[in-house]
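Visitor: Sharing a model prediction with you, sequence too.
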Amino acid sequence: MSAPAPGAVRPPAKTLIAGVGNIFLGDDGFGVEAVRRLGEHPLPDDVEIVDTGVRGVHLAYQMLDGYDTVLLVDAAARGAEPGTVHLLDATEPATPRPRAAALDAHHMTPDAVLALLDTLSAGTDGRPPRRVLVVGCEPADTAEGIGLSDPVEAAVDEAVGLILRLVGADAKADAKADADADADADTDADTDTTERSTTPC
């Protein structure tokens, strides 16, 4: 297979944002709710959002589909105050990942998904993402039940804002707002000119 010709256009870098978690276990549904709310915002064309829920095996396969960056959104217990939002770089984990043989397909943490990703990429032609980030939130209650606790519910918008910044969507929105403001100003200027030119002396 020949190398791309000099100056050839590369395909755009794709980003996958995946909400992970079980909505029937209280704050474990944080990732699902965050990506749902994220879907209400305009995003760059190269960004894809999925609600993975507890389908960790499906997510691992999807992550081999040529994405440059994958953002996993999930509850993440790290000993902080409930509702604390964490940004973790999981591309090169500091500790060994769990063995694929111990995985539970119905309850997979991001670490477990990444362990399976290693196994799948070794046995297929799939290409793992260049970078994996985890946007996590410290849970308060993961007992059986539907609905987020107050501190985790309050953290959803913070996480959404962080993700928007990470994918450059907030800058895109600001540019659109500036363009709309300029257009409105031009319209007002044209209206003022027309009024002045038609006012009797």
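Guide: Ah, there it is.
Visitor: hang on, Leu87 is in a strand, isn't it?
Guide: Yes: read with DSSP: H, G, I helix; E, B strand; the rest coil, Leu87 is one of the residues of a strand.
Visitor: At which residues are the helices of the protein located?
Guide: Counting by DSSP state H, residue ranges of the helices within the chain are 30-38, 56-62, 110-123, 150-166, 169-198.
Visitor: ranking those helices by mean pLDDT, which is last?
Guide: Between the helices of the chain, the one with the least mean pLDDT is helix 169-198; it has a mean of 49.
Visitor: domains for the chain, by residue range?
Guide: Taking automatic domain parsing as the domain assignment, the ranges for the chain are 15-167, 172-201.
Visitor: Buried deepest among these, which one?
Guide: Mean neighbour count (mean count of other Cβ atoms under 10 Å) peaks for domain 15-167 among those, with a mean of 18. In short, each C-beta sits where N, CA and C put it, glycine included.
Visitor: got the end-to-end distance for it?
Guide: Taking Cα to Cα, to the nearest Å as the measure, domain 15-167 stretches 8 Å from start to finish.
Visitor: what does stretch 136-146 give?
Guide: Counting by Cα to Cα: the opening and closing residues of stretch 136-146 are 19 Å apart.
Visitor: residue contacts, Val167?
Guide: Contacts were defined as Cβ atoms under 8 Å, 6 or more residues apart in numbering; by that measure Val167 touches 15, 17, 43-44, 47, 71.
Visitor: same question, Gly31
Guide: Going by Cβ under 8 Å, 6+ apart, the list of residues near Gly31 reads 18-21, 52, 72-75.
Visitor: Check Cys137 too.
Guide: Residues in contact with Cys137 (Cβ under 8 Å, 6+ apart) are 27, 30, 34, 74-76, 83-86, 152, 155-156, 159.
Visitor: for it, which residues make a bridge with it?
Guide: According to DSSP bridges, the partner residues bridging Cys137 are Ala75, Val85.
Visitor: Might you report the residue contacts of Leu72?
Guide: Applying Cβ under 8 Å, 6+ apart, the residues contacting Leu72 are 18, 20, 31, 90, 110, 113, 132-135.
Visitor: Name the residues linked to the closest residue to Val50 other than its chain neighbours by a beta bridge.
Guide: In space, and not counting its chain neighbours, Val50 is closest to Ala18: 5.1 Å by Cβ to Cβ, 6 or more residues apart in numbering. In this entry, Ala18 is beta-bridged to Val50, Leu72, by DSSP bridges.
Visitor: correct me, but Ala18 touches Leu59?
Guide: Yes: with contact defined as Cβ atoms under 8 Å, Ala18 and Leu59 form a contacting pair (5.6 Å).
Visitor: Quickly list what's touching both of those two.
Guide: By Cβ under 8 Å, 6+ apart, Ala18 and Leu59 have these common neighbours: 50, 52.
Visitor: Now do the contacts for Leu133.
Guide: 69-72, 87-91, 166.
Visitor: if you set the cut-off to 6 Å instead, what comes out?
Guide: When the contact criterion is Cβ atoms under 6 Å, 6 or more residues apart in numbering, the partners of Leu133 are 71, 89.
Visitor: ditto for the one 3 residues further on
Guide: Contacts here follow Cβ under 6 Å, 6+ apart; on that basis Gly136 touches 74, 76, 86.
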